[in-house]
Structures are given as C-alpha cells and as structure tokens.
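Peer 1: structural data only, the sequence is not supplied:
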C-alpha cells in the first residue's frame with residue numbers, strides 16, 4: 001500500500017468491509033420524457049426554456065432518456081459493481097401540480113426502478129428533492145411560500161407509502177444551499193429570482209420541508225431505512241487580516257444556517273445579525289425549529305472545491321471566484337462585503353480548484369462537531385473535456401481526481417471519522433443545469449445524438465474499486 005503525504009495519491013488503501021461505493025444522478029438531469037405519463041412541468045422545464053437561461057438553450061427534455069432506458073442503465077450499474085445507487089424522484093411525476101392525488105404512472109416508474117436495483121443487488125438511495133419543484137407551486141411563491149413545505153410533506157408521505165418497504169436510504173433534500181441561494185438569490189438556477197430576502201425565506205422553508213418530510217416518512221414506511229439529508233457544505237479559508245471574519249460570515253450563511261436548525265434546533269445568532277438588514281426572519285414561526293430538528297441516521301456531504309475569502313475593502317474591483325456563474329444577483333445575502341479570491345490550480349473543466357485536502361478537512365470538522373453522526377460522501381466527482389479515441393475514453397484526469405479524493409476519505413476514516421461510503425458524481429454524463437450539455441461529469445459517456453453509453457476508463461477504475469473496496473493501483 002502506498003500513500004503520498006503531499007499529493008493524496010494513495011493506492012492499495014483498503015476501506016472497511018461495509019464501506020459503500022456507489023454513484024449518483026438526478027431526475028431532471030437524466031430522465032427526459034418531461035411530458036409523458038402525467039408528469040407536470042417543473043421549474044427547470046420553465047427555466048431551461050427561457051432564452052438565455054442555459055448555455056446554448058439546452059434543456060432536459062430528452063437528457064439521457066433514462067425514463068425509457070432505465071433497465072439497460074441498471075444493467076450498466078450492475079456491470080460496474082456498484083453497491084448503491086443514489087437517484088432522485090421527480091416531484092412533478094408524482095404530483096403534476098405539487099398537490100392532490102398521486103400520479104400512478106409516476107409511482108410505478110420509481111417502483112420498477114427500485115425493484116430493478118434490488119434484483120441486481122444494488123441498494124436504493126432515494127432523494128425526494130433534487131431541485132425540480134412543480135411549476136404550479138412556484139407560481140404560488142415556491143420556496144418563498146410556507147405552504148410549499150407543507151405540500152412537500154404530503155408528497156413525501158405519498159412516495160414513502162409507495163416505496164417505503166424497499167428503499168434503503170431516504171434523503172429529503174439535495175443541496176438546499178443551491179435551491180435557496182442560486183434559485184432565489186443570484187438567479188442562475190431555476191426559478192431565476194434575484195432577491196436576498198427571498199433566498200433567506202427559501203432557506204427556512206427548505207429547512208422546514210426537511211423536518212416535515214422526515215416526520216411524514218416515519219409515519220408510513222414499513223422497513224427500517226436510514227434517513228438523511230445531503231448538504232453541499234462549503235470549505236472556506238481566509239486570506240489576510242480580514243480572512244477570519246470573512247470565513248465566519250460565509251460559514252454562517254452557507255453551512256451553519258442549515259446545520260444549526262437541522263442538527264441543533266437553532267439558527268446561529270451571528271447569521272441572524274449578519275442578515276438583519278436583508279430580512280427580519282419573521283417567517284420563522286414558534287415551534288418551527290422543533291419541527292425542523294428531527295433525528296437523522298447519516299449526513300450526506302457533497303464536496304467539489306474550496307473557497308478563499310477576505311473582506312472587500314473597496315479599493316479595487318471585486319473578484320467573484322466562488323465557483324458559480326456570475327450574476328447581477330448575489331448568492332450571499334448579508335455577506336456581499338466578502339470577496340472570493342481565485343485559487344491556484346489544477347482545475348476541473350468547471351473551473352473549480354482540485355483540493356482533496358478540503359474533503360478531509362470537511363469530514364474531520366463535521367465529525368468533531370457531531371461525533372455521534374455518521375457521514376456519507378453523497379457526491380464527489382469532476383468534469384473534464386473527454387474525448388473518444390478508438391472507441392475508448394481515456395480520462396486519466398478524472399481517475400486521478402477520484403484517487404485523490406478517495407485517499408482523502410480514507411485519511412478521514414484513519415482519523416476517526418465514521419464515514420460510511422462514497423458516491424461518485426456522476427454515473428453518466430448529463431444535463432449540467434445552466435451549463436447545459438457542455439460539461440461531462442460521468443464515469444459513463446453518453447452520446448446525446450444516439451444515446452449510446454460508453455464506460456470510460458474511470459468507470460473501469462470504479463469497478464475495481466467497488467469490487468475490492470481498495471483504491472486501485
């Protein structure tokens with residue numbers, strides 16, 4: 001076994017016998033079939049069809065056509081040796097308008113998917129919300145409206161009753177930071193709103209939806225699943241004398257505003273103070289924090305890059321290097337005085353810095369703060385400009401990225417972190433939100449013209465990883 005202490009390029013490192021190796025996708029990014037079998041429109045259908053909202057006007061109308069190709073895609077997962085598959089359920093497939101009686105065709109699709117996974121020995125991890133809010137609910141205010149959280153609980157109960165005898169892990173929300181701040185703050189994600197107060201209102205209603213959904217699921221499921229939420233917690237580092245204050249502000253608005261209510265039953269006072277000029281938080285009602293703070297069995301962690309910050313002194317033009325598309329709106333309400341500095345490479349095709357030490361740092365810090373809570377890396381991966389050469393995709397850069405981050409995960413375990421598994425993002429190339437089809441994250445290549453799947457070298461590497469639970473040489 002080898003491990004370089006400087007570059008995180010371990011080989012032969014073994015994970016515990018029960019350590020889960022999986023891969024992940026999201027419904028709007030892969031399913032297509034957006035107008036079939038009773039599915040209603042989502043905010044991403046509307047947003048992607050809005051001129052200028054996505055690169056090249058790309059939409060998820062067809063995406064990877066997974067809705068029709070799910071059986072062969074499951075066979076592909078089995079061939080890769082995956083232990084688990086993390087998928088999301090499209091709310092508008094279950095309730096076209098986000099309320100009312102369930103759509104049987106939608107439930108049947110996910111029931112077949114779960115059965116197909118189990119038949120192939122793959123553990124189903126179901127995410128209830130990966131950003132495709134029914135457009136009808138957005139027309140009524142979306143996550144700015146408290147009623148959306150109540151409707152989400154009803155939807156959770158419907159899905160839990162239909163699949164709650166077979167799903168192994170339930171995840172309420174994926175990356176509520178993106179839903180709130182990119183959807184309602186900067187506006188670079190659906191529904192495209194640019195309003196700091198709306199973003200913070202959305203934060204609370206997403207937190208509330210998480211708690212209500214957990215309670216609803218526990219009322220109806222009949223097996224003994226794990227319950228979780230997935231957060232894209234930011235690793236924030238400071239620069240210069242003002243770095244510590246800038247870190248405190250971004251850590252508050254990005255991380256503690258979710259961890260506090262969900263795991264500790266309170267919003268951090270400094271976050272409320274920092275954002276007082278944006279909103280008075282009057283949307284938080286008595287009893288809400290008790291509803292939000294529900295026990296979970298595992299915390300999902302999505303990690304891609306780090307941030308470097310300081311307070312802007314006004315002496316020069318501000319830089320915006322926070323890893324997201326620039327916008328006239330801000331994803332950091334109450335923290336607009338924080339400047340995000342460029343960081344040294346190497347970078348992925350998204351322009352994100354590659355920093356496996358950030359993953360180790362994040363996992364260790366979470367474990368120290370919540371020592372009784374198991375962790376799961378629910379997304380980690382990289383986009384690179386893949387090329388097909390002689391029928392192969394030799395994506396050595398992606399393999400190197402995965403090797404380094406899995407080494408970071410292994411180091412975290414060695415430091416006492418209760419890390420239960422690692423899901424590669426993503427199983428397949430897919431619709432990458434506002435970037436359209438320009439970025440490829442998959443360990444399986446998709447030809448969008450023919451829908452042909454091609455396992456990349458990284459997919460073969462993950463196969464060996466999953467088969468041996470050992471980082472390949």
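Peer 2: That came through, no problem. These figures come from a predicted structure and were not determined experimentally.

Peer 1: surely residue 354 and residue 380 touch.
Peer 2: No - contact criterion CB atoms under 8 Å: residue 354 and residue 380 do not qualify, at 11.2 Å. To be clear about C-beta, it is placed using only N, CA and C from the backbone, and glycine gets the same treatment.

Peer 1: which strand residues bridge the closest residue in space to residue 391 that isn't next to it in sequence?
Peer 2: For residue 391, ignoring the flanking residues on the chain, the nearest one in space by CB to CB, 6 or more residues apart in numbering is residue 454 at 7.6 Å. Note on residue 454: beta-bridge partners by DSSP bridges are residue 445.

Peer 1: likewise for residue 235?
Peer 2: Judged by DSSP bridges, the bridge partners of residue 235 are residue 306.

Peer 1: just the pLDDT at it, thanks.
Peer 2: What the model reports as pLDDT for residue 235 is 98.

Peer 1: any idea how far residue 448 is from residue 376?
Peer 2: 31 Å (CB to CB, to the nearest Å).

Peer 1: and these two? Which one has more around it.
Peer 2: Neighbours around residue 376 and residue 448, counted as other CB atoms under 10 Å, are more numerous at residue 376. The numbers are 25 against 15.

Peer 1: that one should be in a helix, yeah?
Peer 2: No - remark: residue 376 does not belong to a helix; assigned using DSSP: H, G, I helix; E, B strand; the rest coil, it is strand.

Peer 1: got a list of contacts for stretch 335-344?
Peer 2: 239, 246, 249-250, 252-253, 274, 306-312, 318-322, 330, 332, 353, 355 (CB atoms under 8 Å, 6 or more residues apart in numbering).

Peer 1: for the strand or helix carrying residue 71, name the packing helices and strands.
Peer 2: Assessed by DSSP states H and E, residue 71 sits inside helix 66-80. Counting contacts by 3 or more CB pairs under 8 Å, 6 or more residues apart in numbering; DSSP states H and E, helix 66-80 packs against helix 104-119, strand 453-455, helix 457-468.

Peer 1: distance between the ends of stretch 259-278?
Peer 2: End-to-end distance for stretch 259-278: 21 Å, by CA to CA, to the nearest Å.

Peer 1: repeat that for stretch 178-192.
Peer 2: Stretch 178-192 stretches 12 Å from its first residue to its last (CA to CA).

Peer 1: please state the offset of it from the chain centre?
Peer 2: From the chain centre to the centre of stretch 178-192 is a distance of 14 Å (CA atoms, centre = their mean, to the nearest Å).

Peer 1: so which residues make contact with that stretch?
Peer 2: Contacts for stretch 178-192 (CB under 8 Å, 6+ apart): 42-44, 46-48, 50, 53, 129, 131, 133, 138, 142-144, 173, 193-196, 198-203, 206, 232, 324-325, 327-333, 433-434.

Peer 1: just those residues: which are in strands?
Peer 2: Here DSSP state E is the test, and the contacts of stretch 178-192 give 129, 173 as lying in strands.

Peer 1: circling back: from the contacts of stretch 335-344, which ones fall inside strands?
Peer 2: Per DSSP E, strands hold the following members of these: 306, 307, 308, 309, 310, 311.

Peer 1: give me the neighbour count for the fourth one.
Peer 2: Residues contacting residue 309 under the criterion other CB under 10 Å number 29.

Peer 1: OK, contacts around the residue nearest to it when sequence neighbours are not counted?
Peer 2: For residue 309, ignoring the flanking residues on the chain, the nearest one in space by CB to CB, 6+ apart is residue 246 at 4.0 Å. Applying CB under 8 Å, 6+ apart to residue 246 gives the contacts 236, 238, 239, 309, 310, 311, 338, 339.

Peer 1: then residue 286?
Peer 2: Contacts of residue 286 by CB under 8 Å, 6+ apart: none found.

Peer 1: what comes up buried for the longest helix belonging to the chain?
Peer 2: Scanning the chain for the longest helix, with DSSP state H as the assignment, gives helix 196-220. With burial defined by 16 or more other CB atoms under 10 Å, the residues of helix 196-220 counted as buried are 196-214, 216-218, 220.

Peer 1: go on, stretch 38-46?
Peer 2: Residues 39, 40, 41, 42, 43, 44, 45, 46 are the ones in stretch 38-46 that count as buried (16+ other CB under 10 Å).

Peer 1: ok, and what's touching it?
Peer 2: Contact with stretch 38-46 is made by 28, 33-34, 59-61, 90-93, 95-98, 103, 105-106, 131-136, 138, 142, 183, 190-191, 433, as judged by CB under 8 Å, 6+ apart.

Peer 1: off-centre distance for the helix or strand hosting residue 149?
Peer 2: Following DSSP H and E, one finds residue 149 within helix 146-163. The chain centre lies 20 Å from the centre of helix 146-163; the measure is CA atoms, centre = their mean.

Peer 1: what packs against it?
Peer 2: For helix 146-163, the packing partners by 3+ CB pairs under 8 Å, 6+ apart come out as helix 91-94, helix 104-119, strand 123-129, helix 196-220.

Peer 1: swap the cut-off to 10 Å and go again
Peer 2: helix 91-94, helix 104-119, strand 123-129, helix 135-139, strand 169-174, helix 196-220, helix 288-292 (3 or more CB pairs under 10 Å, 6 or more residues apart in numbering; DSSP states H and E).

Peer 1: pipe the ones you listed into TSV and attach mean pLDDT per row.
Peer 2: Listed next are those as TSV, based on pLDDT from 0 to 100:
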stretch	mean pLDDT
helix 91-94	98
helix 104-119	98
strand 123-129	99
helix 135-139	99
strand 169-174	99
helix 196-220	98
helix 288-292	98
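
Peer 1: ok, and the closest non-adjacent residue to residue 211?
Peer 2: Closest residue in space to residue 211, ignoring its immediate chain neighbours: residue 292 at 3.8 Å, by CB to CB, 6+ apart.

Peer 1: all good on my end, thank you.
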